[in-house]
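> could you look at this predicted model? Sequence included:
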Amino acid sequence: MSASCATPAPGASLPGSLLYDAAALRAIEAAALAHAGEATALMQRAGQAGWRTLLSHWPQARRIVVVCGPGNNGGDGYVLATQALASGCDAVVVRLEPHAPRTEPSRAMCAAFEAASGRIEAFGGALPPADILVDALFGIGLSRAPDHATAALIDAINAAGVPVLALDTPSGLSGDRGSADGAAVRATRTLQFLAPQLGLQTGDGPDHAGALSLDVLGVDAHCFEAAQAQARRIDAQDLAHWLQPRPRNAHKGSHGRVLCIGGDHGTGGAVMLAAGAALRAGAGLVEVATQGVHIAPLLARWPEAMVRRTDNVSAFAGALDAADVIALGPGLGQGSWGHALFDETLDAASAADTPLVLDADALNLLAARPRGLPAGAVLTPHPGEAARLLETDTATVQHDRPDAVRALAARWNAVVVLKGAGTLVCAPGGLPWLIAAGNPGMATGGMGDVLTGVIAALRAQGLDAEHAAACGALLHAVAGDRAARTAGERGLLPGDLIDVLRACANPEPHP
Ligand SMILES: NC(=O)C1=CN([C@@H]2O[C@H](COP(=O)(O)OP(=O)(O)OC[C@H]3O[C@@H](n4cnc5c(N)ncnc54)[C@H](O)[C@@H]3O)[C@@H](O)[C@H]2O)[C@@H](O)CC1
Ligand SMILES: [K+]
């Protein structure tokens, strides 16, 4: 591979921003308290930030109901409610009987609310009429699944039919994992404090957190040094980091040769999609090894592709040797043909150290017949495939996606793209990347084939395995968002993404 056009500018620092978990937030809080003193001061700032956020997004709201829990998250809620009263709004705090404040600062904030003639109601099954609800039930201190009474309160919040502003986390959702063990608030917006939490941006997180805001509570930048990040978040703005303008003297050999292998009888479209995506993502040459019956339709759609019939496995040995990158799996199937291609390809790639991108049935075959992978392989499982590769079930993968992607990368010594809402990309022992783009319209058969082609193309253009996977997952998601903008998410097809890939793969360079 001689390519150099899809590479970061020399000396460029990593793109994106860092995401944290509760332990990291506690470390930031401890550093801030050591520096600035009182816990109540931070709580005051948190509640005031909550009030400012509410005012800026819902300026017409007059009846404000704040649901307070027993810890410091509840304390933030009392501050917000006191601010609302001071601004002439009708503010009521609702809480469960056992949720009277338990921490010193939250007791003080509750007392201040009562001193301002604030009303506190015990939850008896129905919430008072409200223009907006504020969820200050639990934040990063959530330690168990909500019990029956708490779940009833959460259900009432979700059923109220008015906007919900969650303070710090939507109560019930783990801000670390992006999943809930029981009932969880579905917020319209979540105002995070100090630093953004990974769990709000992957798995169930986005559905529960809604739109995201952040307030760093005036904490000094050095307090963040103590915190260990859990992921690096990248969005559409970051594509330009990797997708630099091409050198003027580039030729087709500069951009690598991708070999796409797959497409058994009945699933020929999958390998066509991968090949088309590889072409549109900028691979210099794309060759397809597939069943002979698929060659004519493939060439009709993509005359730029080279083709190799694989009715006889040994017939494509030359293609394996010539490839800079091999994408194996789209439409491969798990029959004897797929098995033979899988074995042949992995043997050849291991012998020649050819970069691999494995997807779909290549992952299922790998799970069924575990073997070592050549260095720098990329695996792109959806949660079901991930579960097979980890010998667990899909629910366990989704319960803790950050943990699953790290475990997969370590288990297979490969870069892993764990697909689904809030796609995560992780190299062995590395910090995961969180892809902050994409939409549910992309939950359609064939989208994964497009992703495979994109990652292979970027690898062929000179990105290393980790960066090709991160940039490829991002480019794929950004193309999905762009395609959805024209006519909506429902009915979005993989081919729609391929149509806009080129426009997304040539971002304006950052000034
Ligand atoms: N980290 C920080 O620096 C700051 C934190 N603040 C707030 O403080 C929060 C953290 O406060 P806490 O540590 O007190 O934790 P929380 O207020 O999130 O909740 C802990 C309390 O809830 C109870 N609890 C946990 N899960 C429960 C469940 N499922 N059912 C019933 N009770 C349950 C615990 O026993 C404990 O009493 C943050 O999320 C944030 O809102 C802010 O006041 C300002 C600054
Ligand atoms: K909350």
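It's in. Residues are numbered from 1 along each chain as shown. Ligands and ions are numbered 1, 2, ... in the order given.

> distance check, Ala505 against ligand 2.
40 Å (Cβ to the ion, to the nearest Å). The way it works is simple: take the backbone N, C-alpha and C, and place the C-beta from them, glycine included.

> with Thr150 instead?
12 Å.

> nearest spatial neighbour of that residue, chain-adjacent residues omitted?
Leu96 (6.5 Å; Cβ to Cβ, 6 or more residues apart in numbering).

> ok, now Glu121?
Val94 (5.1 Å).

> can you verify the one you found is assigned to a strand?
Yes: assigned with DSSP: H, G, I helix; E, B strand; the rest coil, Val94 falls within a strand.

> picking up where we left off before, who are the contact partners of the residue nearest to Thr150?
Ala122, Phe123, Ala149, Thr150, Leu153 (Cβ atoms under 8 Å, 6 or more residues apart in numbering).

> can you pull the phi/psi pair for it?
phi -80, psi 150 (degrees, to the nearest 10).

> if we can go back for a sec, of the contacts of Leu96, list those near ligand 1.
Thr150 (Cβ under 6 Å from any ligand atom).

> filter the contacts of Leu96 down to the ones in strands?
Secondary structure from DSSP state E places Ala122 of the contacts of Leu96 in strands.

> just the buried ones from the contacts of Leu96, in PyMOL syntax?
Selection of the buried residues among the contacts of Leu96 in PyMOL, burial being defined by 16 or more other Cβ atoms under 10 Å:
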select buried, resi 123+150+153
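
> quick one: residues contacting the nearest residue to Glu97 once chain neighbours are set aside.
Closest residue to Glu97 apart from its sequence neighbours, by Cβ to Cβ, 6+ apart: Ala122 at 5.6 Å. By Cβ under 8 Å, 6+ apart, the contact list for Ala122 reads Val94, Arg95, Leu96, Glu97.

> what about the residue nearest to Glu121, how many residues close to it?
26 (other Cβ atoms under 10 Å).

> what bridges to it?
Beta-bridge pairing for Val94 (DSSP bridges): Val67, Glu121.

> so is the closest residue to Ala151 other than its chain neighbours in a helix, a strand, or just coil?
In space, Ala151 comes closest to Ala183 once its chain neighbours are excluded; the distance is 3.8 Å by Cβ to Cβ, 6+ apart. Following three-state DSSP, the label given to Ala183 is coil.

> then Leu19 would be within a helix, right?
No: looking at Leu19 with three-state DSSP, it is strand, so not inside a helix.

> count of residues packed around it?
Around Leu19 there are 26 residues (other Cβ under 10 Å).

> is it correct that it is in contact with Ala229?
Yes: with contact defined as Cβ atoms under 8 Å, Leu19 reaches Ala229; the gap is 6.5 Å.

> before we move on, which element is Leu214 in?
strand 211-215 (DSSP states H and E).

> pLDDT on that strand, on average?
Averaged across strand 211-215, the pLDDT comes to 98.

> how about that strand and ligand 1, any contact?
No: shown here: strand 211-215 not in contact with ligand 1 (Cβ under 6 Å from any ligand atom), separated by at least 9.6 Å.

> what about Val271, how many residues nearby?
Val271 has 31 nearby residues by other Cβ under 10 Å.

> helix or strand for it, which one?
helix 268-280.

> which other helices and strands does the next helix or strand after that helix contact?
Next in sequence after helix 268-280, counting helices and strands by DSSP H and E, comes strand 285-290. If contacts are counted by 3 or more Cβ pairs under 8 Å, 6 or more residues apart in numbering; DSSP states H and E, strand 285-290 sits against strand 257-261, helix 268-280, strand 306-309, helix 317-322.

> what angle separates the longest one from strand 257-261?
In this case it means helix 268-280. On the basis of axes from the mean of the first three to the mean of the last three Cα atoms, to 10 degrees, helix 268-280 is oriented at 170 degrees to strand 257-261.

> what's in contact with helix 268-280?
258, 260-263, 286, 288, 290-291, 293-294, 297-298, 301-302, 304-305, 327, 330-331, 359-360, 446, 449-454, 456-457, 460, 494-495, 497-498, 501-502, 505.

> one more time with 7 Å
Residues from elsewhere that reach helix 268-280, judged by Cβ atoms under 7 Å, 6 or more residues apart in numbering: 258, 260, 262-263, 286, 288, 290-291, 294, 298, 301-302, 304-305, 327, 330-331, 446, 449-450, 452-454, 456-457, 494, 498, 501-502.

> also the third one?
With Cβ under 7 Å, 6+ apart as the contact definition, strand 306-309 has outside contacts at Leu285, Glu287, Val288, Ala289, Gly292, Ile295, Leu298, Leu299, Ala315, Phe316, Ala319.

> number of nearby residues for the closest residue to Ala460 other than its chain neighbours?
Once flanking residues are discounted, Ala460 sits nearest to Gly256: 2.5 Å by Cβ to Cβ, 6+ apart. Per other Cβ under 10 Å, the neighbour tally for Gly256 reads 29.

> again with the one 3 residues further on
Per other Cβ under 10 Å, the neighbour tally for Leu259 reads 29.

> picking up where we left off before, buried subset of the contacts of helix 268-280, written for ChimeraX?
Burial among these is assessed by 16+ other Cβ under 10 Å; the matching ChimeraX selection reads:
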select :258,260,262,263,286,288,290,291,294,298,302,305,327,330,331,446,449,450,452,453,454,456,457,494,498,501
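
> any weak-confidence spans in the stretch 1-150 of the chain?
Along the stretch 1-150 of the chain, segments meeting pLDDT under 70 span 1-12, 36.

> helices along that one, start to end?
Ranges of helices in the stretch 1-150 of the chain, per DSSP state H, counting those that start in this stretch, are 22-36, 39-57, 72-86, 104-115, 148-159.

> and among the ones you listed, the most buried is which?
helix 72-86 (a mean of 27; mean count of other Cβ atoms under 10 Å).

> packing partners for that one?
Applying 3 or more Cβ pairs under 7 Å, 6 or more residues apart in numbering; DSSP states H and E, one finds that helix 72-86 contacts helix 39-57, strand 63-68, strand 90-95, helix 104-115, strand 132-136, strand 164-167.

> may I have that helix as CSV, with CA atoms only?
Output of helix 72-86 as CSV, limited to C-alpha atoms (Å, rounded to 0.1, in the frame of the first residue of the first chain):
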residue,chain,number,x,y,z
ASN,A,72,-27.3,15.6,45.5
ASN,A,73,-29.1,15.4,42.2
GLY,A,74,-32.2,16.2,44.2
GLY,A,75,-30.3,19.1,45.7
ASP,A,76,-29.7,20.5,42.3
GLY,A,77,-33.5,20.2,41.8
TYR,A,78,-34.3,22.2,45.0
VAL,A,79,-31.9,25.0,43.8
LEU,A,80,-33.7,25.1,40.4
ALA,A,81,-37.1,25.2,42.0
THR,A,82,-36.0,28.1,44.3
GLN,A,83,-34.7,30.0,41.3
ALA,A,84,-38.0,29.4,39.5
LEU,A,85,-40.0,30.7,42.5
ALA,A,86,-37.7,33.8,42.6
